[in-house]
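In: model this:
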Amino acid sequence: MHAVDVLLPYYGDVELMKEAVRSVVGQSNPDWRLTVIDDRYPDEEPARWFANLADTRVTYLRNETNLGANANYRRSLSLAEAPVVVMMGGDDIMLPQYLEQILNTLGEFPQAAAVQPGVRVIDGAGRLTHSLTDRVKTLTAPRSEQPLVLRGQDMAVSLLHAPWHYFPSIAWRRDVIARIGFRPEFNVVQDLALLIDIAAEDGSIVITPEVVFHYRRHKASDSAVRALDGSRFREERSYFRSQASRFADCHWDRAAFAARVHWTSRLNAATVLLASLAHPRALLTRSRLHSSAALLRHVLS
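Out: A predicted model of the protein is given here:
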C-alpha cells in the first residue's frame, strides 16, 4: 500500500493541470498514487496527455457527466485508500519536499487529523503575489517557528474568525476525512466546514512553517466568480449562523462568538462591494444591483 493518495479533481486550464501533475511526479518521496478526476472539461488534450504519461502511479479518470466541484470532491474522496489524503487543486504546485514533510509531520503528531504546511501564493502566470485576502490570512494565521497544534475550540475559534487555511495544500488522515466528508449542500465553504467539524469533535490540525506548496490564485477561480455575484457570501452567512447556534448549544461560547462576528468574511464582502463601486454603470443593471444588495447585507449582518 502506498503512503499517500493525491486526489486531483480537475476542471480548468490544461497546461496548469499538467504543471500540477508534474509537481507530484517530481516529489522526493516516491510513495504516492495520483488520481486525476476530470469533471468533463471540454477538451480532449488531457486524455491524450495522460495516455502518454509513463508513470504507473498516475491514473486519469473522466466523469460520465459534469458533477460540479463539490460532488467531484466527494467522488474523488471515495477513491482514496492510502492512510493519508491530499485533495490538490488542478492548478497548484507541490514543491519537491511537500510529501516528505507532511509524512514526517504526521509521524511526529500521530493524533492530528490534518497538516497545514507553509504556502506561498502565485498568480495565473506563476509569479508570487500577495492579494488583500492573502495578507489577511498571513496576519491572522497562527505563527510559530516550530510545528504548532490547534485543537478543539481553539481551532474552531481561530478558523471562524479568519479562515487562514489553504485547502489544496492540506494533508488529511484518510480515516478522518472519509468519515466526516464534504457536506453536499456547500459549494464555497465545504473545506472550512470540514475543518470545523473536525474541531467540533476535539480533533486537531498541525501548522508547519516551512513553505512546501504554491497555491494559485487568479480571477477566473470559482470562488472569485461566486464572490462577484454574491452567492459566496449568502452561503457563508448561512453557514456562520448555523455554527453560531451549534456552538452556543454546546457552550463553546468563544466559537459561537467568532461565528456570529465572522469579521474577515464581512471584510471580504466589503472589498468586493467597494470594487464594484468603481464601475458605476455596471451598478445600473438589475443583476449587479441585486448582487450589491446581497454584499451589503453580508457586510452589515
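In: quick one: average confidence on the strand ranked longest in the chain?
Out: Secondary structure of the chain per DSSP state E: the longest strand is strand 204-216. Mean per-residue pLDDT for strand 204-216: 98.
In: and it, what's buried?
Out: Residues 204-208, 212-216 are the ones in strand 204-216 that count as buried (16 or more other Cβ atoms under 10 Å). (Each C-beta comes from the backbone N, C-alpha and C, glycine too.)
In: ok, then the element right after the helix or strand harbouring residue 107?
Out: Using DSSP states H and E, residue 107 sits within helix 98-108. Where DSSP H and E defines the elements, the next helix or strand beyond helix 98-108 is strand 114-122.
In: one step back: what's next to the helix holding residue 107, contact-wise?
Out: With contacts defined as Cβ atoms under 8 Å, 6 or more residues apart in numbering, helix 98-108 is touched by 3-4, 27-29, 31-32, 84, 86, 112, 115, 117, 147, 171, 173, 206, 208, 210, 212-213.
In: how many residues are close by residue 42?
Out: Residues near residue 42, counting by other Cβ atoms under 10 Å, number 6.
In: measure it to residue 66 for me?
Out: When Cβ to Cβ, to the nearest Å is the yardstick, residue 42 and residue 66 sit 9 Å from each other.
In: before we move on, back to that, now, of the contacts of helix 98-108, which are buried?
Out: Neighbour counting with 16+ other Cβ under 10 Å marks 3-4, 27, 29, 32, 84, 86, 112, 115, 117, 147, 171, 173, 206, 208, 212-213 as buried within those.
In: by mean pLDDT, point me to the weakest helix or strand of this protein.
Out: Lowest mean confidence among the helices and strands of the chain (mean pLDDT, DSSP states H and E): helix 222-229, at a mean of 48.
In: after that one, which helix or strand is next?
Out: Next along the chain from helix 222-229, counting by DSSP H and E, comes helix 231-249.
In: tell me what angle the following helix or strand past that following helix forms with helix 231-249.
Out: Per DSSP H and E, helix 231-249 leads on to helix 253-261 as the next helix or strand towards the C-terminus. Angle, helix 253-261 to helix 231-249, by axes from the mean of the first three to the mean of the last three Cα atoms, to 10 degrees: 150 degrees.
In: any idea of the mean pLDDT for helix 253-261?
Out: On average, the pLDDT along helix 253-261 is 94.
In: list the buried residues in it.
Out: By 16+ other Cβ under 10 Å, the buried positions in helix 253-261 come out as 255-256, 258-260.
In: if you average the pLDDT over the helix or strand containing residue 154, what comes out?
Out: Per DSSP H and E, residue 154 falls inside helix 152-161. For helix 152-161, mean pLDDT rounds to 97.
In: list the buried ones in that helix?
Out: Using 16+ other Cβ under 10 Å as the test for burial, helix 152-161 gives 152-153, 155-161.
In: centre-most residue in this structure?
Out: Centroid-nearest residue in the chain, with Cα atoms, centre = their mean: residue 167, separated by 2.5 Å.
In: now that residue: how far from residue 116?
Out: To residue 116, residue 167 is 9 Å away according to Cβ to Cβ.
In: quick check: phi and psi on the closest residue to residue 140 other than its chain neighbours?
Out: Of all residues not flanking residue 140 in the chain, residue 162 sits nearest, at 3.5 Å (Cβ to Cβ, 6 or more residues apart in numbering). Main-chain dihedrals, residue 162, degrees, to the nearest 10: phi -150, psi 100.
In: now do the contacts for residue 235.
Out: Residue 235 sits next to 186-189, 226 when contact means Cβ under 8 Å, 6+ apart.
In: out of the residues you listed, who's the most crowded?
Out: That'd be residue 189 among the contacts of residue 235, by other Cβ under 10 Å, with 22 neighbours.
In: just checking, it touches residue 237?
Out: No. Counting by Cβ atoms under 8 Å, residue 189 does not reach residue 237; the two are 10.2 Å apart.
In: I appreciate the help and will end here.
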